[in-house]
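Enquirer: With the sequence up front, the predicted model follows.
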Amino acid sequence: MGKLSGKIALITGASRGIGRAIAVALASEAATVAIHYNTALPEAEKTLSLVENAGGTGFVLRADLGVPDGHRILSTALKAGLEARFGSSRFDILVNNAGVGKRVTIEQTTEVDFDRVVQVNLKTPFFLIQSLLPHLADGGRIINISSMGARAAYPDMPIYAPTKAGLEVLSRILAVHLGPRGITVNAVMPGATATDMNIRARDPEASKAIAQTIALGRVGQPEDIARIVAFLASGDGGWVTGQSIDASGGQRL
């Protein structure tokens, strides 16, 4: 019996990277995982295979979270999938992991860039939470993936970093609002992590330079972040709420 046996989790952006690692980590604790993806169905199916190999079960859901109706499409698909499989739309864990980045200075930023990053990183998670709250079990978990870019000043993150900071403030507000239901709400702040979204952290030479800014002397791996999320999702993390947890290995301290 895993620590998440009988629990159901929705993870956005779970077809690869940190989202995939989170899906596998929760599955290894016996959770059922709803794997959200946008365009990469083969990658989402690979995540599903890894989830099953880890001892969990799951299913895939598609939605474009970059459009205003994305949250509604995803929440509708989740509820339908849960009803079909379990006869109930109740679930236990929501991980808002999907995100997009645009590394430009303020002078280079367009309104199109601004609107898309805000939509995916902040607006969609906000309204996804709103639409799913009636279905989230009392004692459930909401975990928002932020970034250590919200605490360190990167001149090429004038859109990305504020959206992540917004997620952290939202997490604190909702922790108080949902506390009476026993629902915990936290943010996790990865630093440089070797994913498709962070090409420099995956490059052997560039990652050495980044590692010099990190107290633990290396860039992060998706599994480093996933283990923290799994802790927060479990009963062991039940007394932690309203927190922004730095998961950067001590980057730019």
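Expert: Right, received. Where do you want to start? Numbering: from 1, shown residues only.

Enquirer: Now Gly99: closest residue in space, sequence neighbours ignored.
Expert: Spatial nearest neighbour of Gly99, excluding adjacent residues (CB to CB, 6 or more residues apart in numbering): Asn121 at 5.0 Å. To be clear about C-beta, it is placed using only N, CA and C from the backbone, and glycine gets the same treatment.

Enquirer: Could you measure from that neighbour over to Met1?
Expert: Going from Asn121 to Met1 by CB to CB, to the nearest Å gives 36 Å.

Enquirer: out of the two, which sits in the busier spot?
Expert: Neighbours per residue (other CB atoms under 10 Å) separate Asn121 from Met1, with Asn121 holding more: 28 against 7.

Enquirer: dump the residue contacts of that one.
Expert: Residues near Asn121 by CB atoms under 8 Å, 6 or more residues apart in numbering: Gly99, Val100, Tyr160, Thr163, Lys164, Gly166, Leu167.

Enquirer: Widest-spaced pair of those?
Expert: Using CB to CB, the two most remote members of those are Val100 and Gly166, lying 14.4 Å apart.

Enquirer: three-state assignment of Met157?
Expert: Secondary structure for Met157, judged by DSSP: H, G, I helix; E, B strand; the rest coil, is coil.

Enquirer: got it, and Gly140?
Expert: Using three-state DSSP, the structure places Gly140 in strand.

Enquirer: Now do the contacts for Ala201.
Expert: Neighbour list for Ala201: Ala192, Thr193, Ala194, Thr195, Ser207, Ile210, Val219, Gly220 [criterion: CB under 8 Å, 6+ apart].

Enquirer: Counting neighbours, which of those residues comes out on top?
Expert: Highest count within the contacts of Ala201 by other CB under 10 Å belongs to Val219, 27 neighbours.

Enquirer: just checking, that residue touches Ala194?
Expert: Yes: the pair Val219 / Ala194 is scored as a contact, 5.5 Å apart, by CB atoms under 8 Å.

Enquirer: intersection of neighbour lists for those two?
Expert: Ala201, Ser207.

Enquirer: As CSV, could you dump the C-alpha coordinates of the lowest-mean-pLDDT helix or strand in the chain?
Expert: Scoring the helices and strands of the chain by mean pLDDT, DSSP states H and E places helix 199-202 at the bottom, with a mean of 86. Extracted C-alpha coordinates of helix 199-202, given in CSV (Å, rounded to 0.1, in the frame of the first residue of the first chain):
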residue,chain,number,x,y,z
ILE,A,199,17.9,23.8,-22.7
ARG,A,200,21.0,25.3,-20.9
ALA,A,201,20.4,23.2,-17.9
ARG,A,202,20.5,20.1,-20.1
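
Enquirer: in that helix, what's buried?
Expert: Buried residues in helix 199-202, counted by 16 or more other CB atoms under 10 Å: Ala201.

Enquirer: residues making contact with the helix or strand just after that helix?
Expert: Downstream of helix 199-202, the first helix or strand assigned by DSSP states H and E is helix 204-211. When contacts are defined by CB under 8 Å, 6+ apart, helix 204-211 is touched by residues Ala192, Ala194, Ile199, Arg200, Ala201, Gly217, Arg218, Val219.

Enquirer: Make JSON lines from those residues and add distance to Arg252 to it.
Expert: Conversion of those to JSON lines gives the following (distance: CB to CB, whole Å):
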{"residue": "Ala192", "distance to Arg252": "10"}
{"residue": "Ala194", "distance to Arg252": "17"}
{"residue": "Ile199", "distance to Arg252": "19"}
{"residue": "Arg200", "distance to Arg252": "15"}
{"residue": "Ala201", "distance to Arg252": "14"}
{"residue": "Gly217", "distance to Arg252": "14"}
{"residue": "Arg218", "distance to Arg252": "14"}
{"residue": "Val219", "distance to Arg252": "13"}
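
Enquirer: Name the nearest of these relative to Val51.
Expert: Of these, the one sitting nearest to Val51 (CB to CB) turns out to be Ala194, at 20.8 Å.
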